[in-house]
Every structure is written in C-alpha cells, then in structure tokens.
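[1] Below are the sequence and a predicted model for it; my questions follow.
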Amino acid sequence: MYIDGCKSLVAPFSSRPRLLKPIIYGLVEPPARLPCSIGAIRYIGKSIRPFSIFNSHLRSARKVKRYYSRKDVWLSACFARGEEPGLILMAKCFDDSWQNTERAVIAHLRALGVPLLN
C-alpha cells in the first residue's frame, strides 16, 4: 500500500537498524491489554530513529513535570498497571512528504473511530 510517497511496512524490523528516512510510527496499547488491532493504536508520530523516540516517550512520561500531555497521562496509566506500550512501524517515507503522510494516517484512523491522543 502506498500513501503519498510512503510504502507500508509489512513486518517489524528484527534488528534495530539506523533508519535515515522518516518513519511514521504508532504507540499501541500493551499487548496483554488489547489484541493487535487497529483500535489498539493510541498515538501517531514521525521519526528517523523510531526506537530512540519510543524510549524518549517512555522516559518523558515517567518524569515529574508541570504539564502532562494526554499521551503522558496514558503512558503513566500503563506504567501504573505494570504494563509497557508497544511500538509499530507504519510507513517508511521515501521523499519529503512525511507531513502529509502523517496527517493522512491520523485522519484515516480518526475516521475509523480510533481514539488517538494526537
């Protein structure tokens, strides 16, 4: 499936290679909580290093701050239950249209009724 210059990733990476093209990723409910389905997606983002940004999201949610985003509140609730959310790689962009792709993915998931935190 191609969306605005991006190719959908069929399988997760078995190793963690250095990715130089923008990747559209999703934070998902912990696997034990919901089976793998489109409704398990809670947040969509973009990064050229999705595994690093995933760890950054987790660290950020554990910090004490003045302001907590809805994503931080959700992550904190996962941690309080003793669970950790997952990461899925949704699309690898091959040109500079990643903003359009990210918006299209968010719009598509919202149209399906997915309760995103973006």
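    Looks like it arrived, so ask away. Computed from a prediction, not measured in an experiment: that's the story for all the values here. Residues are numbered from 1 along each chain as shown.
[2] Next one: Ala61 from Val114, what distance?
    Ala61 sits at a distance of 20 Å from Val114 (criterion: Cβ to Cβ, to the nearest Å). The C-beta positions use only the backbone N, C-alpha and C, and glycine is treated the same way.
[3] tell me how far the ends of stretch 77-85 are from each other?
    Length of stretch 77-85, first residue to last, Cα to Cα, to the nearest Å: 10 Å.
[4] got a list of contacts for it?
    Residues outside stretch 77-85 that contact it (Cβ atoms under 8 Å, 6 or more residues apart in numbering) are 27-30, 32-33, 42, 58, 61-62, 74-75.
[5] any idea what Val64 is structurally, helix, strand or coil?
    Three-state call for Val64 (DSSP: H, G, I helix; E, B strand; the rest coil): coil.
[6] pLDDT below threshold where in this protein?
    1-19, 32-39 (pLDDT under 70).
[7] where's the residue minimising distance to the centre of the chain, which helix or strand?
    Taking Cα atoms, centre = their mean, the centroid of the chain lies closest to Gly26, which sits 1.8 Å from it. Using DSSP states H and E, Gly26 falls within strand 23-28.
[8] which residue packs closest to Glu29, ignoring adjacent ones?
    Ala40 (4.3 Å; Cβ to Cβ, 6 or more residues apart in numbering).
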